[in-house]
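Colleague: following is a predicted model, sequence given first.
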Amino acid sequence: MRITLWLPRFLDRDLMLAVGINSNEFVTLMSLSEAANNELRMTDLARSTSLSASRMTRMVDELQSRGLATKRTSTEDGRGNVASLTAAGLAKVEAARWVHVSSMRTLVFDHVDQATAKSASQALLEIADRLHSGS
């Protein structure tokens, strides 16, 4: 139980100190960077990050105020909003990826042998798949 509390806190701290974004902002920028044309409808972005629609709206507004993302009305139906990654946002997420990898290595993988890491990784992937499928 403690790892579910402490690991995110340490990852958040490392991201904030190194690149000035928190883990929710990192996941949001990462989701946009992996999307076609670096953009997603706000509802899809909220779903991909497991944040509520209202939280995602506040998140994108904050990222927009810092020049990392933009938000516009959808040209497809004119009803929903679309969030897009800016060049500065792409640079930020690229820098943050390396911080995240380094932090995970330092906090977790440097403390277990390769076989344990592989077994843990497989178990966590199976749990994530089961949770994602809703069973």
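Modeller: Perfect, thanks for sending it. Residues are numbered from 1 along each chain as shown.
Colleague: check the residue sitting nearest the centre point of the chain and give its pLDDT.
Modeller: The residue lying closest to the centre of the chain (Cα atoms, centre = their mean) is residue 27, at 0.8 Å. Residue 27 carries a pLDDT value of 95.
Colleague: what do you get for residue 135?
Modeller: With respect to pLDDT, residue 135 scores 59.
Colleague: do residue 60 as well
Modeller: 97.
Colleague: please apply the same query to the one 10 residues further on.
Modeller: Turning to residue 70, the model gives it a pLDDT of 97.
Colleague: how much space between residue 62 and residue 22?
Modeller: 10 Å (Cβ to Cβ, to the nearest Å). Every residue, glycine included, has its C-beta placed from N, CA and C.
Colleague: lowest-pLDDT helix or strand in this structure?
Modeller: For the chain, counting by mean pLDDT, DSSP states H and E, helix 114-133 ranks last in confidence among helices and strands (a mean of 89).
Colleague: can you mark which positions in that one are buried?
Modeller: For helix 114-133, the neighbour count (16 or more other Cβ atoms under 10 Å) marks no residue as buried.
Colleague: how far off centre is that helix?
Modeller: 19 Å (Cα atoms, centre = their mean, to the nearest Å).
Colleague: now do the contacts for the residue nearest to the centre of the chain.
Modeller: Contacts here follow Cβ atoms under 8 Å, 6 or more residues apart in numbering; on that basis residue 27 touches residue 49.
Colleague: what helix or strand is it on?
Modeller: helix 23-34 (DSSP states H and E).
Colleague: give the buried residues for that helix.
Modeller: Those would be 23, 24, 25, 26, 27, 28, 29, 30, 31, 32, 33, for helix 23-34 by 16+ other Cβ under 10 Å.
Colleague: try stretch 50-67
Modeller: By neighbour count on 16+ other Cβ under 10 Å, the buried set for stretch 50-67 is 51, 56, 57, 59, 60, 63, 64.
Colleague: which element is the second one on?
Modeller: Here residue 56 sits within helix 53-65, counting by DSSP H and E.
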